[in-house]
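A.B. asks: When you get a sec, could you give me coordinates for this:
(one chain, ligands or ions: 1)
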Amino acid sequence: IPRHVGGDEAGGGAWTTLHRALSALLTCLWLVLAITMVRFYMEKGTHKGLYKSIQKTLKFFQTFALLEIVHCLIGIVPTSVIVTGVQVSSRIFMVWLVTHSIKPIQNEESVVLFLVAWTVTEITRYSFYTFSLLDHLPYFIKWARYNFFIILYPIGVVGELLTIYAALPYVKKTGMFSIRLPNKYNVSFDYYYFLLITMASYIPLFPQLYFHMLRQRRKVLHGEVIVEKDD
Ligand SMILES: CCCCCCCCCCCCC[C@@H](O)CC(=O)SCCNC(=O)CCNC(=O)[C@H](O)C(C)(C)COP(=O)(O)OP(=O)(O)OC[C@H]1O[C@@H](n2cnc3c(N)ncnc32)[C@H](O)[C@@H]1OP(=O)(O)O
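C.D. replies: Residues are numbered from 1 along each chain as shown. You can find the predicted model right below:
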């Protein structure tokens with residue numbers, strides 16, 4: 001049980017139970033999403049329409065993940081708020097402001113790339129949390145949690161970047177989410193350039209997440225003592 005949950009102290013028991021239940025529930029929900037995706041592909045033989053068929057569930061899960069930032073802020077989990085904030089906000093951005101809002105890109109292969117990477121990651125991650133909280137963590141789950149990301153993170157990032165890239169012509173043509181001058185507030189905003197800046201921000205930000213996970217890997221799988229500098 002993470003130190004901050006405070007398993008046996010008064011009040012801590014309720015938190016612990018709630019946290020276990022939540023992790024277990026999220027493992028099951030992501031599993032259901034994975035099964036739905038596999039079934040869709042087996043029945044239809046194409047990825048076209050896949051996003052549409054799972055979009056409601058995906059939007060709910062990723063929006064719900066905002067709670068993870070709250071958990072870090074209030075100290076229920078011993079994780080960096082900054083790392084979690086970047087991770088969760090980038091996914092929410094992808095789900096709501098890119099894939100949900102720009103319908104013509106929903107059937108891109110790149111969407112499948114990040115969907116698969118996110119789903120496998122979340123099943124592994126939440127089952128790791130669930131079994132850790134139950135104090136019965138099978139080695140395979142621990143191994144998977146701290147090895148799968150090595151390949152899944154780059155796959156997810158490539159999927160996300162290619163999806164944003166595919167959205168650029170549509171955003172430029174329609175001027176969506178953009179504010180043009182002149183207007184009474186005298187402000188302008190160009191979503192096309194915002195997307196370009198977001199893509200560029202992966203260059204400094206993604207390595208932070210990746211190296212964070214590599215440090216976690218060394219700590220958990222190889223028992224190295226690592227002092228985190230952030231927060
Ligand atoms: C609006 C503009 C937006 C701008 C966007 C800018 C973009 C920036 C680039 C971003 C790139 C992101 C790309 C990404 O979306 C692609 C993918 O995700 S692809 C799939 C692969 N991804 C992954 O593998 C990463 C998955 N994410 C995570 O693992 C976490 O989000 C992360 C915060 C990155 C790391 O998690 P954490 O630090 O918590 O590591 P641990 O799992 O080792 O946990 C540490 C300890 O905390 C305990 N813990 C944490 N959470 C829980 C929980 N919910 N329940 C129970 N316990 C929890 C855990 O047990 C550990 O405890 P202890 O140390 O005591 O063992």
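A.B. asks: can you pull the contacts of Ile102?
C.D. replies: Residues counted as contacts of Ile102 (CB atoms under 8 Å, 6 or more residues apart in numbering) are 167, 170-171, 176. Any C-beta I mention is one placed from the backbone N, CA and C, and that applies to glycine too.
A.B. asks: List buried members of those by neighbour count.
C.D. replies: By neighbour count, with 16 or more other CB atoms under 10 Å, the contacts of Ile102 hold 167, 171 as buried.
A.B. asks: Looking at the contacts of Ile102, which are in helices?
C.D. replies: Those of the contacts of Ile102 mapping onto helices are 167, 170-171, per DSSP state H.
A.B. asks: ok, so of those residues, who is nearest Trp15?
C.D. replies: Nearest to Trp15 out of those is Ala167 (CB to CB; 40.5 Å).
A.B. asks: Could you verify my assumption that that closest one touches Ile105?
C.D. replies: Yes. In this structure, Ala167 is within contact of Ile105 by CB atoms under 8 Å, at 5.0 Å.
A.B. asks: Need the residues touching each of the two.
C.D. replies: Common neighbours of Ala167 and Ile105, using CB under 8 Å, 6+ apart, are Val98.
A.B. asks: got the residues of the chain near the ligand?
C.D. replies: Remark: the part of the chain in contact with the ligand comprises 2-3, 19, 23, 77-79, 83-84, 86-87, 89-91, 93, 117-118, 121, 125, 129, 132-133, 149, 152-153, 156-157, 160, 198, 201-202, 205-206, 209, 212, 216, using CB under 6 Å from any ligand atom.
A.B. asks: Mind checking which of these are buried?
C.D. replies: For these, buried by 16+ other CB under 10 Å: 2, 19, 23, 77, 79, 83-84, 86-87, 90-91, 93, 117-118, 121, 125, 129, 132-133, 149, 152-153, 156-157, 160, 198, 206, 209, 212, 216.
A.B. asks: Report the separation between Ile105 and the ligand.
C.D. replies: 17 Å (CB to the nearest ligand atom, to the nearest Å).
A.B. asks: same deal with Leu29?
C.D. replies: Counting by CB to the nearest ligand atom, the gap from Leu29 to the ligand is 13 Å.
A.B. asks: Near the closest residue to that residue other than its chain neighbours, how many other residues are there?
C.D. replies: Among residues not flanking Leu29 along the chain, Phe61 sits closest, at 6.5 Å (CB to CB, 6 or more residues apart in numbering). Here the number of neighbours of Phe61 (other CB atoms under 10 Å) works out to 19.
A.B. asks: Quick check: mean pLDDT of the helix or strand encompassing Phe61?
C.D. replies: Element membership of Phe61 [criterion: DSSP states H and E] is helix 50-64. Averaged across helix 50-64, pLDDT comes to 95.
A.B. asks: Need the contact partners of that helix.
C.D. replies: So helix 50-64 is contacted by 26, 29-30, 32-33, 36-37, 40-41, 44, 88, 91-92, 95-96, 99-100, 106-107, 111-112, 115, 122 (CB under 8 Å, 6+ apart).
A.B. asks: For those residues, which ChimeraX command selects only the ones that are buried?
C.D. replies: When burial is assessed using 16+ other CB under 10 Å, the buried subset of the contacts of helix 50-64 is captured in ChimeraX by this command:
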select :26,29,30,33,37,40,88,91,95,99,106,107,111,112,115,122
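A.B. asks: For the ligand, what's the nearest residue on this protein?
C.D. replies: Gly156 (2.1 Å; CB to the nearest ligand atom).
A.B. asks: That residue is in contact with Val111, isn't it?
C.D. replies: No. Applying CB under 8 Å as the test, Gly156 and Val111 come out as separate, 11.4 Å apart.
A.B. asks: Right, I'll call it a day here.
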